[in-house]
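Novice: I would like the atomic coordinates for the input below:
(one chain, ligands or ions: 2)
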Amino acid sequence: MPDSRPDQPNESTERNPGAAIDAALFQQCVHCGLCTSACPTYTELGDENDGPRGRIYLMQLVSEGRLELTPTVRRHIDLCLDCRSCETACPSGVKYGRLVEPFRLAVEQSDDGWLKRLDWFRQVFLLRVFPYRKRLRTALAPVRFAQRMGIFGTAERLGLLRLIPGRIGQMIGLLPPPVKSGPRLPEFLPAVGRRRARVAMFLGCVADVLFRHTHWATARVLQQNGCDVVVPGGQGCCGAIHFHCGDGDGARRMADVNLAAFDLDDVDAIVVNHAGCGAMMKEYGLHWNDAQQAARERFAAKVKDIHQLLDELGPVPPSGRIEAVAAYHDACHLTHAQKVREAPRRLLSMIPGLELRDLPESEICCGSAGTYNLDQPAMADRLARRKVENIRRSGAQMVLAANAGCLLQIGRAVRRHLPGVTVMHPIDLLDLSYRNEQPG
Ligand code: SF4
Ligand code: SF4
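Specialist: Ligands and ions are numbered 1, 2, ... in the order given. I've put the predicted structure just below:
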């Protein structure tokens, strides 16, 4: 049988992006609409075509050749965050991500020379700079210099950053203030006390450049919990950036670099601390179909989110008091894609002195969604403002989120609209408690 998956376009995918989707997946949707109120874009716009039921219907009609893929139809699909909140809400078990992701990949690949249609920002920054740590560090060096000189902070306070046009301005505005991040993680860090597990850490690209301090915190927390930590060299980006840009082959190459870098027989788990990378890697077995398939499925089965791993291991309680009021934001790729919801809350509730408050609409996307905030800035800003209002209502002085994109998106929104509120990764806070230190 010919393989109709989108990274191997054939005649039918070139005619119709829906040909990349198993038609049975559409049939699972009974059009009940119970997912609609969970959809961020429907909640903001109130248009059925900007909700999951409407989008499923549109994709199905296009797939069946009953509807042209017009710019209007495409706009409704493009506006989807792929946050998968609808999957959590759906009582029929519809795997929305398995519909929209291949549909989008096939749309990108269905025309000859699809890469040419990508704009320069995607071609240069998203595909050739972001996924590579050294290149990204170099590209950000001038901005980091301006931040250290205080120019950046002043420009941000005066609103001047918003004058930088387009996605370059969006991107620069997202950058958090620099923090002490430490050197590259060594290849091995031993367990503290009795060894309970041996794990490999995944570093990623943007996460290692902007949140290396969280990698160090993760390694220390793992050590405190009796884990030998290995950090394989040669690992790279998880492939999510390429995947979100519609470059399925590029994403597959990234996945295969990681397959070669990690020795699965040597470790009990591959630990990931950012939700987007974790979700991508847990789904390595779903996106392609070639000779590496079995190896990808085996790799994916070893991937664990850091909160999930600690929760399963039985965490060692930290003892340092942190007197603060915090709220936990559910990153979409953790709560909806990986179904990891309670483990982070259970871990945070172990911190003595910490008051963990409910964040209204915690599971509604903040607007980050991979590269969505660069591609769809208007909707991303609306969702960020919505998140800020919910943080304000919670009364929290600290927001915790386990994903690089959320930390950047909520961080920027809070700097603009709710100064004084700290945004950090849950594992950073847990690490402070283990070390008996206070948030800075
Ligand atoms: S995706 Fe699920 S909840 Fe939404 S309309 Fe279809 S069956 Fe109903
Ligand atoms: S993935 Fe998110 S934005 Fe897209 S239809 Fe589902 S709930 Fe709405």
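Novice: Apart from its chain neighbours, what residue comes closest to Arg316?
Specialist: Actually, residue 316 is Val. It isn't Arg. In space, and not counting its chain neighbours, Val316 is closest to Asn225: 5.2 Å by CB to CB, 6 or more residues apart in numbering. Backbone N, C-alpha and C define where each C-beta goes, glycine included.
Novice: Repeat that for Pro131.
Specialist: Leaving out its chain neighbours, the residue that sits closest to Pro131 by CB to CB, 6+ apart is Cys237, at 3.6 Å.
Novice: How about Ser85?
Specialist: Closest residue to Ser85 apart from its sequence neighbours, by CB to CB, 6+ apart: Ala38 at 4.6 Å.
Novice: picking up where we left off before, confirm the residue nearest to Pro131 sits in a strand?
Specialist: No. Counting by DSSP: H, G, I helix; E, B strand; the rest coil, Cys237 falls outside a strand, being coil.
Novice: Pull the contacting residues for it.
Specialist: Cys237 sits next to 130-132, 204-205, 254 when contact means CB atoms under 8 Å, 6 or more residues apart in numbering.
Novice: in what helix or strand does the residue of the stretch 251-400 of the chain found nearest ligand 2 lie?
Specialist: The minimum distance from the stretch 251-400 of the chain to ligand 2, using CB to the nearest ligand atom, falls at Cys365 (6.5 Å). When elements are assigned from DSSP states H and E, Cys365 belongs to no helix and no strand.
Novice: pretty sure it contacts Arg84?
Specialist: No. With contact defined as CB atoms under 8 Å, Cys365 does not count as touching Arg84 (9.3 Å).
Novice: Neighbour count: these two, which is higher?
Specialist: Remark: of Cys365 and Arg84, Cys365 carries more neighbours, 31 against 26, as counted by other CB atoms under 10 Å.
Novice: related to what we said a few turns ago, from Arg212, how far out is the residue nearest to Val316?
Specialist: Distance of Asn225 to Arg212, given as CB to CB, to the nearest Å: 20 Å.
Novice: Wait, a helix at Pro232?
Specialist: No. Counting by three-state DSSP, Pro232 is not part of a helix but coil.
Novice: Burial check on it, number of neighbours?
Specialist: Neighbourhood size, Pro232 [other CB under 10 Å]: 18.
Novice: Quick check: chain neighbours aside, which residue is closest to whatever residue of the stretch 51-200 of the chain ends up closest to ligand 1?
Specialist: Taking CB to the nearest ligand atom, ligand 1 has its nearest neighbour within the stretch 51-200 of the chain at Cys90, 3.1 Å off. Using CB to CB, 6+ apart and skipping residues adjacent in sequence, the residue nearest Cys90 is Cys35, 5.0 Å away.
Novice: ok, the one you found to ligand 2 distance?
Specialist: Distance, Cys35 to ligand 2, by CB to the nearest ligand atom, to the nearest Å: 7 Å.
Novice: okay, now the domains of this protein?
Specialist: Domain segmentation of the chain under automatic domain parsing yields 11-115, 120-174, 188-312, 319-435.
Novice: want to throw those domains into a markdown table with distance to Ser181 and mean pLDDT?
Specialist: Shown next, in a markdown table, are the domains of the chain (distance: least, CB to CB, whole Å; pLDDT from 0 to 100):
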| stretch | distance to Ser181 | mean pLDDT |
| --- | --- | --- |
| domain 11-115 | 28 | 88 |
| domain 120-174 | 11 | 82 |
| domain 188-312 | 4 | 96 |
| domain 319-435 | 12 | 97 |
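Novice: What segments of the stretch 251-400 of the chain are strands?
Specialist: Applying DSSP state E, counting those that start in this stretch to the stretch 251-400 of the chain gives strands spanning 269-272, 303-305, 324-328, 354-357, 398-400.
Novice: Using CSV, lay out the ones you listed together with distance to ligand 1 and mean neighbour count.
Specialist: Below are the strands of the stretch 251-400 of the chain laid out as CSV (distance: least, CB to the nearest ligand atom, whole Å; neighbours: other CB atoms under 10 Å):
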stretch, distance to ligand 1, mean neighbour count
strand 269-272, 28, 25
strand 303-305, 25, 25
strand 324-328, 25, 20
strand 354-357, 29, 18
strand 398-400, 29, 25
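Novice: which residues of the stretch 101-250 of the chain fall in helices?
Specialist: Under the criterion DSSP state H, counting those that start in this stretch, helices of the stretch 101-250 of the chain are mapped to 114-117, 120-121, 127-128, 133-148, 151-157, 166-174, 206-210, 212-224, 240-244, 248-261.
Novice: Which secondary structure elements does the fifth one sit against?
Specialist: Read it as helix 151-157. When contacts are defined as 3 or more CB pairs under 8 Å, 6 or more residues apart in numbering; DSSP states H and E, helix 151-157 packs onto helix 133-148.
Novice: Does anything pack onto the helix it packs on? Which helices or strands?
Specialist: Under the contact definition 3+ CB pairs under 8 Å, 6+ apart, helix 133-148 sits against helix 151-157, helix 206-210.
Novice: measure Leu69 to ligand 2 for me?
Specialist: Counting by CB to the nearest ligand atom, the gap from Leu69 to ligand 2 is 17 Å.
Novice: Now that residue. Nearest residue, chain neighbours left out?
Specialist: Val62 (5.2 Å).
Novice: Same check on Cys205?
Specialist: Spatial nearest neighbour of Cys205, chain neighbours left out: Cys237 (4.1 Å); criterion: CB to CB, 6+ apart.
Novice: Phi, psi for that neighbour please.
Specialist: When read as degrees, to the nearest 10, the backbone of Cys237 gives phi -70, psi 150.
Novice: one step back: if I pick the residue nearest to Ser85, what's in contact with it?
Specialist: Taking CB under 8 Å, 6+ apart, we find Ala38 in contact with 52, 85-86, 88-89, 363-364.
Novice: repeat that for 7 Å
Specialist: 85-86, 88-89 (CB atoms under 7 Å, 6 or more residues apart in numbering).
Novice: Could you list which residues are in contact with the residue nearest the centre of the chain?
Specialist: Geometric centre of the chain, nearest residue: Gly276, 2.5 Å, by CA atoms, centre = their mean. For Gly276, the contacting residues are 240, 333, 370, 403-405, by CB under 7 Å, 6+ apart.
Novice: Give me the neighbour count for the residue nearest to Val316.
Specialist: Residues near Asn225, counting by other CB under 10 Å, number 21.
Novice: What of Gln28?
Specialist: Around Gln28 there are 15 other residues, counting by other CB under 10 Å.
Novice: phi, psi of it?
Specialist: Torsion angles at Gln28 (phi, psi; degrees, to the nearest 10) stand at phi -60, psi -20.
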